[in-house]
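> mind looking at a prediction? Sequence and model below.
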Protein chains: 2
Amino acid sequence: MKASIVTIGDEILIGQIVDTNSSFIAKALDKIGIETVEMVSISDDKEHILATLKKYQNKTDVVIVTGGLGPTKDDVTKKTFCEYFHDDLVVDEQVLVHVTELIEGIYKRPITQINKDQALVPSRAKVLFNKVGTAPGMLMEEGGTVFVSLPGVPYEMKYLIEKELVPFLVKKFKRPYIVHKTVLTYGRGESLIAEQIEEWENSLPEFIKLAYLPSPGRVRLRLTARGLDEALLNEAVAREVEKLNVLIGDIIVGYDEEAIEVVVGRLLSDKKMTLATAESCTGGAIAHLITAVSGASNYFKGSVVSYATQAKIDVLGVSEESITKHSVVSTEVAEQMARAVQAKFKADYAIATTGNAGPSKGDADAEVGTVFIAIATPDHIIVEEFNFGQPREKVIDRAVNKALEKLYKEILKN
Amino acid sequence: MKASIVTIGDEILIGQIVDTNSSFIAKALDKIGIETVEMVSISDDKEHILATLKKYQNKTDVVIVTGGLGPTKDDVTKKTFCEYFHDDLVVDEQVLVHVTELIEGIYKRPITQINKDQALVPSRAKVLFNKVGTAPGMLMEEGGTVFVSLPGVPYEMKYLIEKELVPFLVKKFKRPYIVHKTVLTYGRGESLIAEQIEEWENSLPEFIKLAYLPSPGRVRLRLTARGLDEALLNEAVAREVEKLNVLIGDIIVGYDEEAIEVVVGRLLSDKKMTLATAESCTGGAIAHLITAVSGASNYFKGSVVSYATQAKIDVLGVSEESITKHSVVSTEVAEQMARAVQAKFKADYAIATTGNAGPSKGDADAEVGTVFIAIATPDHIIVEEFNFGQPREKVIDRAVNKALEKLYKEILKN
């Protein structure tokens, strides 16, 4: 069972926006055993769209197109679908009622002809009803391939994938099983890990594939098994993960899609412990990551982003003398920041970061890339100095990951 | 001058990671007048890579491939390039010295054979020297098309694009001009804007294209002009933007790639004014966005993320009585939060957010999606209530954008 994903929009081809839809769709398809073999981004151009639909027809069982369904003139997908399938646009009454209710009833705006035109769909299309927006999804079949058109607005696309398309595909197609297991490791480089697990990797069964997914400060190892017997696949993958644990158990912090902030959140929740952060160079990135997880209010108390040096003194009560003596990027300041938020927020654990993310040197003389990370636990505190190199985004990213990794390890010890 | 961008990696096709490289590359090419006509993500499979290279040869002048160059076994790009170009791998001595220095000298790790193999390149390739990582970039020409292979790690790819590839392409090719101007609007829907500017849009000259880029809370309008005379293109676009200003000047907040946090940052910098934030439902997202802009230390003092209700009392000094009487999601609490950080951080302006991002109701009875936003200025304070609907990510996103939009308008008034 193969799928292709097509994203339409000049804004993607000139690099103005990043296509995040394809990734979401691929993950949803993967979960139901449908393999995405290609993703492509193309222009808002009729001929380009027609050629792309033709390319994937009969090559993949499903072609999912996003974008180009909005109300404005630069959106051409709907008309192009009509041309491709030799069909005409007709008003879908149910969609028209919904669009009118949404615009007039909820948004309290006068409805325009442009709004009303959103209810036009190809006459032979199965309409995927879009409760959360005005542009409906559409599904058409031709020569053994299912073609789907979805709006490009991410939450509308997500709604239609989850509530309409996935149930449709599950019912229509018999699919093989795909089992993934991702092993999250922190603190060791890709090639060192590769050396350590080389023998194991070479002896993996044919139907299990290994992939390395490195990013600043962490490496994920993904095992993918494909086959007809789901139980057998699960067993085989579990067996290999066990072997991996014997080899590199010391750097494994979690499994599957779980990001470290999810792993840490669950640990804190289970232990009924709480967390606060004091962030300088990371500028709120740790708090933002933690609070993006729903349910974070169970363990996250809050953060002080003491970006300016004076704010460290005024808001956190870091001693001016320590700053003068040791500089604002120092063990002493990191320690005082962590202690201060731990007390202020009455939290069990605290993270503090102070450093220089660059590109220029700040209030301290510290080299660009230098970051001090402090972890305060209920009974002790640790501080470590790092140099995360450059550029700025990498420094922030690595500091956030390293801080969460260190916190994770401290929580495990308690 | 046309380009295609190819991303290699199974992790993209199963939706495990989002491809951000293609967007970066497209933007860099666009700046030098090279039009990206297609972006495609394909698997780590030799046959798939060969077919893709063949597809774009002679169709585009440049084919840029990222990914599949790492040290581990799942990386196949280099060998596939050799097969495609009928070439063999040889050791590049300069790269070998660099890899050795980086691993042994900087990272202080023992060098492995896997590391050393990173210095292997096709014998006829022009090596793009990668100062910031171990995998070199490679450039080969065949049948009028330039093929480029770059590592998939974003900051290594970026380094090679900026320092090696763009200078090479600028020197090698004569390119037409592409002029973009993006007009940033806040606070009005796409279809209402479309109605207001319909007549203007219909009278745009042939060589200027308009695109609508809507996202929660804002719509960007992008004008793109293509032609041989750069000065003429710039003049024509400026003229159209002027006309647009007459029609919808009231909702225009800035131009081009500038995000609102950049616009606000520059305004504050120019006025030598400062900002602090008090965030509840946005959880540090505003501080994170602001501090992601380099130079933010000139105007951003810091933030208190008072996520837990008790933290609003303990850290910000919000009155317990107000919370009991009006609920934690209320005008009164938002106002007190803004006043508190404005004073604590000695900032000229302050933003506060308190609301319920969902999915479940929190400490307050407020409907999911309800957010109060307060903006404190040097001489007054405003608070407004919004309902941003759901899901969680949309609520946070819209709250962040709305808060920055409101701040922007207040700063302009002063």
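In hand now; what should we look at? Numbers count the residues shown, from 1 in each chain, chains lettered A, B, ... in the order given.
> show me which residues of the stretch 301-414 of chain A sit near chain B.
Counting by C-beta under 8 Å from any C-beta of the partner chain, the stretch 301-414 of chain A comes close to chain B at A:301-308, A:310-311, A:314-315, A:344-346, A:358-360, A:362-363, A:389, A:391-394, A:396. For every residue, glycine as well, the C-beta is placed using N, CA and C.
> give me the neighbour count for the nearest residue to A:D44 once chain neighbours are set aside.
Counting by C-beta to C-beta, 6 or more residues apart in numbering or on different chains, the nearest residue to A:D44 once its immediate chain neighbours are dropped is A:D10, at 5.2 Å. Neighbourhood size, A:D10 [other C-beta atoms under 10 Å in any protein chain shown]: 22.
> just A:L244 next, same as before
Burial measure for A:L244: 22 neighbouring residues, criterion other C-beta under 10 Å.
> ok, it touching A:I197?
Yes - using C-beta atoms under 8 Å, A:L244 is in contact with A:I197, at 6.7 Å.
> overlap in contacts, the two.
Listed contacts common to A:L244 and A:I197 are A:L221; contacts here mean C-beta atoms under 8 Å, 6 or more residues apart in numbering or on different chains.
> ok, of the residues of the stretch 301-414 of chain A next to chain B, which come out buried?
Buried subset of those (neighbour count, 16 or more other C-beta atoms under 10 Å in any protein chain shown): A:301-308, A:310-311, A:314-315, A:344-345, A:358, A:362-363, A:389, A:391-394, A:396.
> quick check: phi and psi at A:E38.
Backbone torsions of A:E38, given as degrees, to the nearest 10, read phi -160, psi 140.
> who's in contact with the residue lying closest to it once chain neighbours are set aside?
Among residues not flanking A:E38 along the chain, A:S4 sits closest, at 4.9 Å (C-beta to C-beta, 6+ apart). The neighbourhood of A:S4, defined by C-beta under 8 Å, 6+ apart, consists of A:36-40, A:56, A:59-60, A:62-64.
> quick one: mean pLDDT for the host helix or strand of A:S4?
Assigned by DSSP states H and E, A:S4 belongs to strand A:2-8. The average pLDDT for strand A:2-8 rounds to 96.
> tell me the secondary structure for A:V18?
At A:V18 the chain is in coil, as set by DSSP: H, G, I helix; E, B strand; the rest coil.
> okay, it: pLDDT?
Confidence at A:V18, expressed as pLDDT, is 91.
> got it, and A:E257?
pLDDT, A:E257: 66.
> check which residues of stretch A:85-96 are buried.
Neighbour counts over stretch A:85-96 (16+ other C-beta under 10 Å) mark A:85, A:89, A:92, A:95-96 as buried.
> model confidence over it, on average?
The average pLDDT within stretch A:85-96 is 95.
> CA atoms only for it, dumped as PDB, please.
Provided in PDB are the C-alpha atoms of stretch A:85-96 (Å, rounded to 0.1, in the frame of the first residue of the first chain):
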ATOM      1  CA  PHE A  85     -11.400  14.300 -13.700                       C
ATOM      2  CA  HIS A  86     -13.500  15.900 -16.500                       C
ATOM      3  CA  ASP A  87     -16.000  17.100 -13.900                       C
ATOM      4  CA  ASP A  88     -17.800  20.300 -13.100                       C
ATOM      5  CA  LEU A  89     -18.200  22.300  -9.900                       C
ATOM      6  CA  VAL A  90     -21.500  22.200  -8.100                       C
ATOM      7  CA  VAL A  91     -22.700  23.700  -4.800                       C
ATOM      8  CA  ASP A  92     -22.700  21.300  -1.900                       C
ATOM      9  CA  GLU A  93     -25.700  22.500   0.100                       C
ATOM     10  CA  GLN A  94     -24.500  21.000   3.400                       C
ATOM     11  CA  VAL A  95     -21.200  22.800   3.100                       C
ATOM     12  CA  LEU A  96     -22.900  26.100   2.100                       C
END
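> report whether it contacts chain B.
No - Stretch A:85-96 lies apart from chain B when judged by C-beta under 8 Å from any C-beta; the minimum separation is 14.6 Å.
> centre of the chain to that stretch, how far?
Here the centre of stretch A:85-96 is set off from its chain's centre by 35 Å, with C-alpha atoms, centre = their mean, to the nearest Å.
> per-domain residue ranges of chain A.
Domain assignment for chain A by automatic domain parsing gives A:2-172, A:177-255, A:260-413.
> comparing those, which comes out most buried?
domain A:260-413 (a mean of 22; mean count of other C-beta atoms under 10 Å in any protein chain shown).
> state the mean pLDDT of it.
On average, domain A:260-413 scores 92.
> immediately after the strand holding A:S4, which helix or strand?
Per DSSP H and E, the first helix or strand lying C-terminal to strand A:2-8 is helix A:10-13.
> pull the CA atoms of that next one into PDB?
Extracted C-alpha coordinates of helix A:10-13, given in PDB (Å, rounded to 0.1, in the frame of the first residue of the first chain):
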ATOM      1  CA  ASP A  10       4.500  29.000  -4.400                       C
ATOM      2  CA  GLU A  11       5.100  30.200  -0.800                       C
ATOM      3  CA  ILE A  12       6.800  26.800  -0.200                       C
ATOM      4  CA  LEU A  13       8.900  26.900  -3.400                       C
END
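> what lies in contact with stretch A:183-202?
Here stretch A:183-202 has contacts from A:210, A:212, A:214, A:217-223, A:240-241, A:243-244, A:247-248, A:251-255, A:258, A:260, A:263, A:401, A:405, A:408, B:70-73, B:107, B:109, B:112, B:114-115, using C-beta under 8 Å, 6+ apart.
> pull up the distance across that stretch, start to finish.
With C-alpha to C-alpha, to the nearest Å as the measure, stretch A:183-202 spans 18 Å from end to end.
> tell me how far that stretch lies from the chain's centre.
Centroid separation between stretch A:183-202 and its chain, computed with C-alpha atoms, centre = their mean, is 24 Å.
> quick one: the strands in the stretch 251-400 of chain A?
Ranges of strands in the stretch 251-400 of chain A, per DSSP state E, counting those that start in this stretch, are A:252-255, A:275-279, A:300-306, A:349-355, A:370-376, A:381-387.
> tell me which entries of the residues of the stretch 301-414 of chain A next to chain B lie within helices.
Using DSSP state H, the members of those that fall within helices are A:310-311, A:314, A:344, A:392-394, A:396.
> can you tell me which of those lies nearest to chain B?
Chain B has its nearest neighbour among these in A:A311, at 4.2 Å by C-beta to the nearest C-beta.
> up against chain B, what does the stretch 151-300 of chain A have?
Residues of the stretch 151-300 of chain A found near chain B (C-beta under 8 Å from any C-beta) are A:153, A:155, A:180, A:182, A:189-192, A:194-195, A:201, A:209-215, A:220, A:222, A:224, A:257, A:276-277, A:279, A:283-288, A:290-292, A:294, A:296-297, A:300.
> list the ones among those that fall in helices.
Filtering those for membership in helices, criterion DSSP H, returns A:155, A:190-192, A:194-195, A:201, A:285-288, A:290-291.
> farthest pair in those?
Among those, the pair separated by the greatest distance (C-beta to C-beta) is A:Y155 and A:E195, at 43.7 Å.
> how about A:V6: what's its closest non-neighbour residue?
That would be A:V65: by C-beta to C-beta, 6+ apart, it lies 4.5 Å from A:V6.
> on the three-state scheme, the one you found is what?
Of the three states, A:V65 takes strand under three-state DSSP.
> who's it bridged to?
Bridge pairing for A:V65 (DSSP bridges) gives the partners A:V6, A:S149.
> that one: what's it in contact with?
A:V65 touches A:6-8, A:49, A:53, A:77, A:147-150, counting by C-beta under 8 Å, 6+ apart.
> with A:T66 instead?
Going by C-beta under 8 Å, 6+ apart, A:T66 touches A:5-8, A:21-22, A:25, A:149-152, A:157.
> let me know the average pLDDT across the helix or strand harbouring A:V127.
Here A:V127, judged by DSSP H and E, is contained in strand A:126-128. Average pLDDT, strand A:126-128: 96.
> what helices and strands are in contact with that strand?
strand A:137-142 (3 or more C-beta pairs under 8 Å, 6 or more residues apart in numbering or on different chains; DSSP states H and E).
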